[in-house]
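**Student:** Have a look; sequence and predicted model below, questions after that.
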Amino acid sequence: MVSRSDAPDRVVLKFSEGTNVRLRPTGLEAAVALQPALEEALRSSGVTLIDVQRLFERPEAELTAEHELAEERSGHQLADLNLYYVIRVPAGSDVAALCEALNALPFVELAHHGQ
């Protein structure tokens with residue numbers, strides 16, 4: 001059994017609107033150049049892109065269609081749920097430092113430690 005202290009932490013990450021970041025089998029793809037800066041922020045905390053997963057499990061196309069319809073109906077820009085990710089951080093990592101490094105990136109809207 002894994003105790004809470006041995007369990008990996010998680011960081012919830014939201015990329016900025018307009019970046020169109022998507023997780024593909026080859027890694028994260030985006031409308032902005034993010035790979036080197038993101039990888040450096042993760043690497044400094046002992047995390048790899050393998051540890052990154054989408055926060056919402058529903059299919060990307062389904063979330064996109066609902067997002068477009070909701071924006072059309074409301075007349076407002078709404079959050080793209082496909083821009084939310086979870087990073088599994090190895091136990092013992094400096095999660096606060098990782099969040100700080102991610103929040104310093106111009107294409108990250110928010111990174112916070114989640115339970």
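**Tutor:** Structure's in. What do you need? Everything numeric here is computed off the predicted structure, so don't read it as measured data. Residues are numbered from 1 along each chain as shown.
**Student:** need the helices for this structure, in chain order.
**Tutor:** 35-43, 60-74, 95-103 (DSSP state H).
**Student:** which one of the ones you listed lies closest to residue 52?
**Tutor:** For residue 52, the closest of these is helix 35-43, at 7.9 Å, according to Cβ to Cβ. Heads up, the C-betas are built off the backbone N, CA and C, glycines and all.
**Student:** Now do the closest one, average pLDDT.
**Tutor:** Across helix 35-43, pLDDT averages out at 80.
**Student:** List the beta-bridge partners for the nearest residue to residue 83 once chain neighbours are set aside.
**Tutor:** Leaving aside its sequence neighbours, residue 83 sits nearest to residue 15 (Cβ to Cβ, 6 or more residues apart in numbering; 4.4 Å). Counting by DSSP bridges, residue 15 is bridged to residue 108.
**Student:** Run a quick neighbour tally on residue 15.
**Tutor:** 27 (other Cβ atoms under 10 Å).
**Student:** List the contacts of it.
**Tutor:** With contact taken as Cβ atoms under 8 Å, 6 or more residues apart in numbering, residue 15 is in contact with 21, 30, 34, 83, 85, 107-109.
**Student:** so which of those residues would you say is closest to residue 53?
**Tutor:** For the contacts of residue 15, with residue 53 as the reference and Cβ to Cβ as the criterion, the closest is residue 85, at 6.6 Å.
**Student:** which residues does the closest one bridge with?
**Tutor:** residue 13, residue 54.
**Student:** tell me the contacts of it?
**Tutor:** 12-15, 21, 23, 52-55.
**Student:** Repeat the analysis, applying 7 Å as the threshold.
**Tutor:** 13, 52-55 (Cβ atoms under 7 Å, 6 or more residues apart in numbering).
**Student:** Produce a PyMOL select command limited to the buried residues of those.
**Tutor:** The buried residues among those can be selected in PyMOL (16 or more other Cβ atoms under 10 Å) with this line:
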select buried, resi 13+52+54
